[in-house]
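# quick check, what structure comes out for this input:
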Amino acid sequence: LVRAWYRLGDLLHLQNIFTAVFSYHHCSHSGEVSVKPSIKIARCVGLSYAQVSMDYTWPKHFDDLAAEASEWVIEATSDLLKTDDGWLVGYSDKFTLRLAEKGWIGMTWPIDKGGDGRPEVERFVVTEQLLLGRAPMAGSFFPDRQIGPVLLAYGTDEQQERFLPTMRQGKSKWCIGMSEPDAGSNVAGINTRATQDGSNWIVNGQKIWTSGAQSADYCYLICRTDLDAPPHKGMSEFIVDMRSPGIEVKPIKDASGDSHFNEVFFNDVLVPTENLVGELNNSFGQTMRQLEHERGGIDRLASNQRLYLDTKELVDLDNPLIRQEVAEIETGYKIGRDMVLRNVLKQTPFPQYSAVTKTWCTEFEQKVASFVGYAMGADSMLENRVSRNLIYAPAYTIMGGTTQILRNIIGERILGLPREPRPQ
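Sure thing, here's the model as predicted:
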C-alpha cells in the first residue's frame, strides 16, 4: 500500500510537470493558439516549471467535428473489415475513396493546391476519431500525413499538379523507400544508389520494411546520388513508379500474421530526371522534415486505444490493482495527447521535438498492450485482437525510428550531451 501510494504521488507529480511544460496554451475557435497571460513560476522538487490554470475544453467547433467524424466512421466502415493499427495495416480501396469523397484526405493543404486550407488541428481531430473507429485507412495515410506535405514544401509546380490531385482523390497509393538491411533507423547509412544517365537516373539497391509496397503506385525513394560525399551529404529523393521494370516486391509476413511490410529490390530501374524532388545531393534535411511528420502524430499514441477502451468495459474496476493501472493509462493518454498537440500546433520548445513525442508515446502504447493482455488473462492466449496486439506491440518502438536512435537524438541534438566514443 505504501509503495502504491508513493507510485500514485509520482504519477500526479509527473502529470503536473507535463501539464505545465507541455500544455500552457489553449486553442481558439479558429484553431489558432493564444498564450494565457498569467504564468507563474513555481519550484517543485528542485525543478522550475511554468504553472498555470489549464483549460482543456475543446472549442465547440472541434467537439462538433469530432462527433461528426465518430458517427461518419461507424457508417463508412459498416461493411468493411476494421482493425487496430488501421493506419498501417488496414487497407481498403473502398474506404479510401469514401474518405476522399468526404474531403478528409489533404484537408489541410492550401486551397490553391487543391486542398481545403483547414487548420492542422482539425486533421488531428478527424484522425483521432478514425483511429478510435479502427478505420482501414492505410491506403491514404502516407500521402496525407507526409508525402503530400513534403511535395508541397519541396516539389516543383509540375510535380504538385501531377501527383497531389490523385492523392486527394484517393486514387493513388504510396510507399516510402527509406530503411535498408544495413541502415534501419540510420538514414545517413543508406546504400541504394542512383547514377545519372542522360535524362534518366538508374537506381540499384534494396529497401526493407517498406509498408504498403505490395499495392503502391509510387515509391517516395531516398537514395545516394554522390558516392564520394560524407554520409549526411550526397543523398537525393525521387518519385519512382512502382510499375517500372526492374522492381521486385517481396512481402514480409510478421508474427501477428500481417503482411504490410515488404522488401523492395531495384535492379537498373529508370527514373526520369523530372521526378527528382528538391535539391540534388542535399536531401537529408528534407528527409528529416518528413520524419517530423511521421514521428509526431496522433497515430503514434492511439494505435491501440480502441482496444484499451473496449477492454476497460470488461474489467473489474473494483480491483485496486486494475484501477491503479487504468489510472496510470488514463494519465498517460492525457500526457501523450498534449505532446502530440504541441507538434500539431507548432509550439514545440525545440527542433526535433517529434523524437521526444514518438519515444514517449510508442513506449506508452506498449504499456497499453501489456495492460490489455494482463487484464484479459487466459483469453489473451487465444487468437483475437488482444493476442494480435501483444505480438505486434514490439514494433511500435522500432518502426519510424527505433527508441535507441531517438534517445540518442534527444541526448545529443536536443540536450547537447556528448556523443559516446565511436569504436576504433
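# what residues are up against residue 290?
For residue 290, the contacting residues are 146, 147, 150, 176, by Cβ atoms under 8 Å, 6 or more residues apart in numbering. The way it works is simple: take the backbone N, C-alpha and C, and place the C-beta from them, glycine included.
# identify each buried residue in the host helix or strand of residue 166, please.
Here residue 166 is covered by helix 157-168, with elements defined by DSSP states H and E. The neighbour-count criterion (16 or more other Cβ atoms under 10 Å) identifies 159, 160, 163, 164, 166, 167, 168 as the buried residues of helix 157-168.
# from these, pick the one nearest residue 389.
For residue 389, the closest of the buried residues of helix 157-168 turns out to be residue 167, at 29.5 Å, with distances computed as Cβ to Cβ.
# pull the number of nearby residues for the residue lying closest to that closest one once chain neighbours are set aside.
With sequence-adjacent residues excluded and distances taken as Cβ to Cβ, 6 or more residues apart in numbering, residue 167 is closest to residue 143, at 4.0 Å. Residue crowding around residue 143 was assessed by other Cβ atoms under 10 Å; the count is 26.
# swap in residue 421?
6.
# checking it next. Helix, strand or coil?
Going by DSSP: H, G, I helix; E, B strand; the rest coil, the secondary structure assigned to residue 421 is coil.
# quick check: phi and psi on it?
Note on residue 421: backbone dihedrals following degrees, to the nearest 10 are phi -60, psi 140.
# go on, residue 154?
Its backbone dihedrals place residue 154 at phi -120, psi -10, with angles given as degrees, to the nearest 10.
# which residues does it contact?
Under the criterion of Cβ under 8 Å, 6+ apart, the neighbours of residue 154 are 237, 277, 278, 279, 286.
# how near is the residue lying closest to the second one once chain neighbours are set aside to residue 280?
Pointing back at residue 277 there. The shortest distance from residue 277 to any residue that is not its chain neighbour, by Cβ to Cβ, 6+ apart, is 4.5 Å, and that residue is residue 237. To residue 280, residue 237 is 10 Å away according to Cβ to Cβ, to the nearest Å.
# between these two, point out the one with more neighbours.
It is residue 237, of residue 237 and residue 280, that has more neighbours when counted by other Cβ under 10 Å, with 25 against 16.
# mind pulling up the pLDDT for the more buried one?
Per-residue confidence for residue 237 comes out at a pLDDT of 96.
# residue contacts, it?
Residue 237 makes contact with 154, 220, 221, 222, 223, 276, 277, 278, 283, 286, 287 under the criterion Cβ under 8 Å, 6+ apart.
# coming back round to it: send me the helix or strand hosting the residue nearest to residue 277 as CSV with only the CA atoms.
Assignment of secondary structure by DSSP H and E places residue 237 within strand 235-241. In CSV, the C-alpha atoms belonging to strand 235-241 read as follows (Å, rounded to 0.1, in the frame of the first residue of the first chain):
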residue,chain,number,x,y,z
MET,A,235,21.5,12.0,-50.8
SER,A,236,18.5,12.7,-53.1
GLU,A,237,14.8,11.9,-53.2
PHE,A,238,12.9,10.6,-56.2
ILE,A,239,9.4,9.6,-57.1
VAL,A,240,9.5,6.1,-58.6
ASP,A,241,6.7,4.5,-60.5
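# after it comes which helix or strand?
Once the chain leaves strand 235-241, the following helix or strand, as judged by DSSP H and E, is strand 247-252.
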